[in-house]
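> Quick one, fold the following:
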Amino acid sequence: MPSWSTCDTATYMSVVPLPVPWRVAALYRFAPLEGFAALRAPLLDFCRSLGIRGTLLLAAEGINGTVAGSDEAIAALIDRLESVDGLAGLDVKFSRASAMPFHRMKVRLKKEIVTMGVPGLDPRSSAGAYVEPADWNALISDPRTVVIDTRNDYEVAIGTFRRAVDPRTASFREFPDWIGARREELAGRKVAMFCTGGIRCEKATAYVKSLGIEDVFHLKGGILKYLEEIPAADSLWEGECFVFDERVAVTHGLGEGEAELCRACRRPLTAAKRASERFAEGISCERCFDERSEADRLRYAERHRQVALAEERGDGPHIGGA
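Numbers count the residues shown, from 1 in each chain. Prediction:
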């Protein structure tokens, strides 16, 4: 590595890349949190005081969320959460963002930290068997294994695992009915399930096992952990992985992907989809064009114009404020 005495700042920066500024933490833990409502205000104040943005969901069954901030701020938040009774041992996946990927900080109280709508499920005691990313390829390459993507249709549209079944669900609430209708054909088969960070699979596999299907597995750490650990040359992942923030998608090594959001319907769009004549930045895409009226598109066009003007003036985020 060159020393400061032998090179100028520009040369040093070209040799030693600076770290991407924002650290993103996707976290969850199923745990009994009887007093979860009392955690909301202190957590919100704590995050705001450190410049952290994103969303945390609190419920009687635990915590779920994705947040971003400086390395020091995110480390402090994880320490704070780990100190709460029941939350030690959080499942956390870290990645990077070149720009702050959230507009504001929110801490919300919910009935479920991931909404399936099936009462009485306890993933802590009944979820399927974890499969490490290093062992995942062998499991899903086995022709006896049924591979199921538990995410929603718009997520699956930009990337999924080879051989994966797409349930074509619009929300996770639809998943129990979809899987229940296929109970007989899954009986006696290996069922391997996956999701973005692992939380949906905790519930999905617990539900599948409640149907009497025993050989149920799920990817530990979800797609995010797989993309972090498995080299692209060895990967069975195809496309990009949708994430619920302004990065839109990530790819191998958790680098930022090329997908962009349609600002009218919030669906992710690949480069091919953005080539459609029905795509207009900030206004429409081929999937939502027929779902919206011309008046809607005029309204979206004005909103897009105001966002562009705010950015031009250097006013900061037009949506969400500081």
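> how near is residue 114 to residue 24?
Distance, residue 114 to residue 24, by CB to CB, to the nearest Å: 18 Å. C-betas here are computed from N, CA, C, even on glycine.
> Give me the phi and psi for residue 167.
phi -70, psi -10 (degrees, to the nearest 10).
> how far away is it from residue 204?
Taking CB to CB, one finds residue 167 at 10 Å from residue 204.
> What of residue 129?
13 Å.
> so how many other residues sit close to residue 114?
Residues near residue 114, counting by other CB atoms under 10 Å, number 22.
> pLDDT at it, what is it?
Looking at residue 114, its pLDDT is 96.
> pretty sure it is touching residue 200, no?
Yes: between residue 114 and residue 200 there is a contact under CB atoms under 8 Å: 5.5 Å.
> residues bridging contact with those two, i.e. touching both?
Listed as contacting both residue 114 and residue 200 by CB atoms under 8 Å, 6 or more residues apart in numbering are residue 172.
> Buried residues of the longest helix anywhere in the chain, list them for me.
What stands out as the longest helix in the chain, according to DSSP state H, is helix 294-313. By neighbour count on 16 or more other CB atoms under 10 Å, the buried set for helix 294-313 is 297, 300, 301, 303, 304, 307.
> how about the fourth one, what does it touch?
Contacts for residue 303 (CB under 8 Å, 6+ apart) come out as 263, 282.
> Kindly provide the distance from it to residue 283.
Residue 303 sits 9 Å away from residue 283, going by CB to CB.
> Ok, the last one next?
Shown here: residue 307 relative to residue 283, a distance of 12 Å by CB to CB.
> which outside residues touch stretch 39-51?
For stretch 39-51, the external contacting residues (CB under 8 Å, 6+ apart) are 33, 53-54, 56, 58, 67, 69-70, 72-73, 76-77, 80, 84, 105-109.
> Average pLDDT for that stretch, rounded please.
98.
> Can you list the buried residues in that stretch?
Quick answer for stretch 39-51 (16+ other CB under 10 Å): 39, 43, 44, 46, 47, 50.
> Export the residues you listed to JSON lines and append columns for distance to residue 256 and secondary structure.
JSON lines is the format used below for the buried residues of stretch 39-51 (distance: CB to CB, whole Å; DSSP: H, G, I helix; E, B strand; the rest coil):
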{"residue": "39", "distance to residue 256": "31", "secondary structure": "helix"}
{"residue": "43", "distance to residue 256": "27", "secondary structure": "helix"}
{"residue": "44", "distance to residue 256": "27", "secondary structure": "helix"}
{"residue": "46", "distance to residue 256": "28", "secondary structure": "helix"}
{"residue": "47", "distance to residue 256": "23", "secondary structure": "helix"}
{"residue": "50", "distance to residue 256": "23", "secondary structure": "coil"}
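> would you list the residues you listed in a markdown table and tack on distance to residue 158?
A markdown table is the format used below for the buried residues of stretch 39-51 (distance: CB to CB, whole Å):
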| residue | distance to residue 158 |
| --- | --- |
| 39 | 34 |
| 43 | 32 |
| 44 | 32 |
| 46 | 34 |
| 47 | 29 |
| 50 | 32 |
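> Identify the farthest-apart pair in the residues you listed.
For the buried residues of stretch 39-51, the farthest-apart pair by CB to CB is 39 and 50; their separation is 16.3 Å.
> rewinding a little: any residues in contact with both of residue 129 and residue 204?
Common contact partners of residue 129 and residue 204 (CB under 8 Å, 6+ apart): residue 218.
> Between the two, point out the one with more neighbours.
Higher neighbour count among residue 129 and residue 204: residue 204, with 29 against 14, using other CB under 10 Å.
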